[in-house]
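>>> kindly generate the corresponding structure for this input.
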Amino acid sequence: MSNVDILFSNHLNETLTAASLTIPDLATAVTNFDAIVTCTGPEEKTIQNSFYFKTDSDIATTSSDDVKYYVDTSQWSSIVTDLNPITNGTISVANGGFVADESISESFLRHLANKLFGTHLGVDLFNNETTVKADIETSCGTLATNISNTISSVSLSGSDSDLLGSSGSHYLDDNTTSPKNITREFLYQLLKDTNSRNRFETLANYAVEGQTGVYKIPLIAGDTISYALTISPHANQDANVPTGTSSTSRKFLVKLVIQENLPTTTLQMSELWSSTTDMQNYCSNLGVTVQFNNVTHFNYGQYVVSNAVAFYKTSNGTAYADFTIPYDCTKIEFKYGPNTINYQLSNVTSVYRVTSGVETELDSISSYSSSSYYSTDTFRVVTVNTWSANEIIRFKEQNLGVVYIYYIKFYS
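Purely as a prediction, here's the structure:
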């Protein structure tokens, strides 16, 4: 006997409205600043490895399901240098500087001169400007250290009284709503910003490998992290320089620009190598194994190009070079090119990913106008994300192709 589905005929359009979900309302705007100090910040991976969070459950059922917020300052060894606007920052004219590329101390001195003498060019009228400049520089260094110490106080081994867990794995949870819960502050600022909110749609891309429910804060290269600094004149400044006008403070927004990750290993090719062995030895010294197949000519004659290797074959079959991936990589970037010498003959230069012996084409290029891979490019830069150790990246020539490799960059 078969089952049937029947309906409550008078209840086919029931509705309800859920209560509104909310996130914390953080007061994060900085306004009324006079100039922006642009600093070179840490690499993307440094920030992501320093600030991360853990969710025990996607929908909390008890108070113990709170998000845990972690800070690991050991991952950010350059934190004091990065935070110091003196050693690491400049102000452009567009960002409020009196002249191009001035330091924060120079900007303040010119500001005082402008207020007291009517022109920023009056700095040299002070007889102790170098002393005041040095004092500002020292104070900025101290401030950078203090900010670093404040962040460290809520880190894995910090001493803040609100920290939970054991030393070495301390964290804060949602019960700490003050700005000192810095990872939480970052998280909710990103959630509230329309430019970064969609990063949470692909949060799996920021998962910490081997740790269930742990995610890096999705800050990326080009994002900025800022703090505000106001420098005030000495209390007796107007009395010491009695021009009849008043000196004022100057507010700076110190902005750290997160940088692209630097490659962990870079293989820079050379036209000066005379044999495949030279290239293999160079790569081996950097931890990368290279195997050649059917290569009969290497950096030969008219095919030599500066800062690249060139190889091809004259026998039957294809020639290629296999580079074994030395470690798990977030991405690999490479620059390669086609046979631009024999452009009137059929040629294709291809790059493959080889996994368990199976080739997957990544990119191909040809200088032969009848080829489906034809391009006027003399080289191409390609980035491919997510590689596992011991996979192979293969550079192969086909037909009358020539393989030109300029560099390969591995990012761990």
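
>>> ok, longest helix in this protein?
Counting residues, the longest helix found in the chain (DSSP state H) is helix 129-152.

>>> in that one, what counts as buried?
129, 132-133, 136-137, 140-141, 143-144, 147-148, 151-152 (16 or more other C-beta atoms under 10 Å). Any C-beta I mention is one placed from the backbone N, CA and C, and that applies to glycine too.

>>> hey, C-alpha coordinates of whichever helix or strand comes after it in PDB?
The helix or strand immediately downstream of helix 129-152 is helix 182-192, counting by DSSP states H and E. The C-alpha trace of helix 182-192 is given here as PDB (Å, rounded to 0.1, in the frame of the first residue of the first chain):
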ATOM      1  CA  ILE A 182      40.800  43.700  19.000                       C
ATOM      2  CA  THR A 183      40.100  40.600  16.900                       C
ATOM      3  CA  ARG A 184      36.400  41.000  17.600                       C
ATOM      4  CA  GLU A 185      36.700  44.700  16.600                       C
ATOM      5  CA  PHE A 186      38.300  43.700  13.300                       C
ATOM      6  CA  LEU A 187      35.700  41.100  12.600                       C
ATOM      7  CA  TYR A 188      32.700  43.300  13.100                       C
ATOM      8  CA  GLN A 189      34.200  46.300  11.200                       C
ATOM      9  CA  LEU A 190      34.700  43.900   8.300                       C
ATOM     10  CA  LEU A 191      31.100  42.700   8.600                       C
ATOM     11  CA  LYS A 192      29.700  46.200   8.600                       C
END
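
>>> so what touches the helix or strand just after helix 182-192?
For helix 182-192, the following helix or strand on the C-terminal side (DSSP H and E) is strand 214-216. Applying C-beta atoms under 8 Å, 6 or more residues apart in numbering, the contact partners of strand 214-216 are 48-49, 51-55, 203, 206-208.

>>> list buried residues within those residues.
Buried members of the contacts of strand 214-216, scored by 16+ other C-beta under 10 Å, are 48-49, 51-55, 206, 208.

>>> among those, which two are most distant?
Greatest spatial distance among the buried ones among the contacts of strand 214-216 (C-beta to C-beta): N49 and T55, at 18.1 Å.

>>> which residue sits closest to the spatially most central residue of the chain, ignoring its sequence neighbours?
In the chain, the centroid-proximal residue (C-alpha atoms, centre = their mean) is E44; its distance is 2.7 Å. Leaving aside its chain neighbours, E44 sits nearest to A221 (4.6 Å; criterion: C-beta to C-beta, 6 or more residues apart in numbering).

>>> unless I misread the structure, that neighbour falls within a helix.
No: applying DSSP: H, G, I helix; E, B strand; the rest coil, one finds A221 to be coil, outside a helix.

>>> helix, strand or coil for I408?
Secondary structure, three-state DSSP: I408 is strand.

>>> what's the neighbour count on it?
22 (other C-beta atoms under 10 Å).

>>> pLDDT value on it, please?
On the pLDDT scale, I408 is placed at 97.

>>> that one bridge partners, please.
L267, F334 (DSSP bridges).

>>> my read is Y320 is in a strand, agree?
Yes: the assignment for Y320 by three-state DSSP puts it in a strand.

>>> do you know how far N342 is from L400?
From N342 across to L400, the span is 5 Å (C-beta to C-beta, to the nearest Å).

>>> correction: V254
Per C-beta to C-beta, V254 is found 57 Å from L400.

>>> ok, these two, which is more surrounded?
Taking neighbours as other C-beta under 10 Å, V254 and L400 compare with V254 leading, 26 against 20.

>>> what are the ranges of the helices in the stretch 201-350 of the chain?
Ranges of helices in the stretch 201-350 of the chain, per DSSP state H, counting those that start in this stretch, are 237-240, 276-285.

>>> any idea which of the ones you listed is most buried?
helix 276-285 (a mean of 15; mean count of other C-beta atoms under 10 Å).

>>> which elements pack onto that one?
strand 290-293 (3 or more C-beta pairs under 8 Å, 6 or more residues apart in numbering; DSSP states H and E).

>>> follow-up on the earlier one: make CSV out of the buried ones among the contacts of strand 214-216 and add pLDDT, secondary structure and distance to L187.
Converted to CSV, these look like this (pLDDT from 0 to 100; DSSP: H, G, I helix; E, B strand; the rest coil; distance: C-beta to C-beta, whole Å):
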residue, pLDDT, secondary structure, distance to L187
Q48, 96, helix, 12
N49, 96, helix, 15
F51, 97, strand, 8
Y52, 97, strand, 10
F53, 95, strand, 6
K54, 95, strand, 12
T55, 88, coil, 11
Y206, 92, helix, 11
V208, 92, coil, 15
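
>>> make JSON lines from those and add distance to L109 to it.
Output for the buried ones among the contacts of strand 214-216, formatted as JSON lines (distance: C-beta to C-beta, whole Å):
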{"residue": "Q48", "distance to L109": "38"}
{"residue": "N49", "distance to L109": "38"}
{"residue": "F51", "distance to L109": "35"}
{"residue": "Y52", "distance to L109": "41"}
{"residue": "F53", "distance to L109": "43"}
{"residue": "K54", "distance to L109": "47"}
{"residue": "T55", "distance to L109": "49"}
{"residue": "Y206", "distance to L109": "43"}
{"residue": "V208", "distance to L109": "46"}
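
>>> identify, from those, the entry nearest to G158.
Distance to G158 across the buried ones among the contacts of strand 214-216 (C-beta to C-beta) is lowest for F51, with 13.4 Å.

>>> pull the contacting residues for the residue nearest to V30 when sequence neighbours are not counted.
Spatial nearest neighbour of V30, excluding adjacent residues (C-beta to C-beta, 6+ apart): A228 at 4.9 Å. The neighbourhood of A228, defined by C-beta under 8 Å, 6+ apart, consists of 30, 33, 251-254.

>>> now the phi/psi pair for the residue nearest to E44, please.
The phi/psi pair for A221 (degrees, to the nearest 10) reads phi -60, psi 140.

>>> that one and T360, how far apart?
Counting by C-beta to C-beta - A221 and T360 are separated by 27 Å.

>>> more neighbours: those two, which one.
A side-by-side neighbour count of A221 and T360, using other C-beta under 10 Å, places A221 first with 14 against 10.

>>> give me the pLDDT value at the more buried one.
The per-residue pLDDT reported for A221 equals 93.

>>> that one and I182, how far apart?
20 Å.

>>> with N13 instead?
Taking C-beta to C-beta, one finds N13 at 48 Å from I182.

>>> which of the two has more residues huddled nearby?
The neighbour count for N13 versus I182, taken as other C-beta under 10 Å, is higher for I182 (19 against 5).
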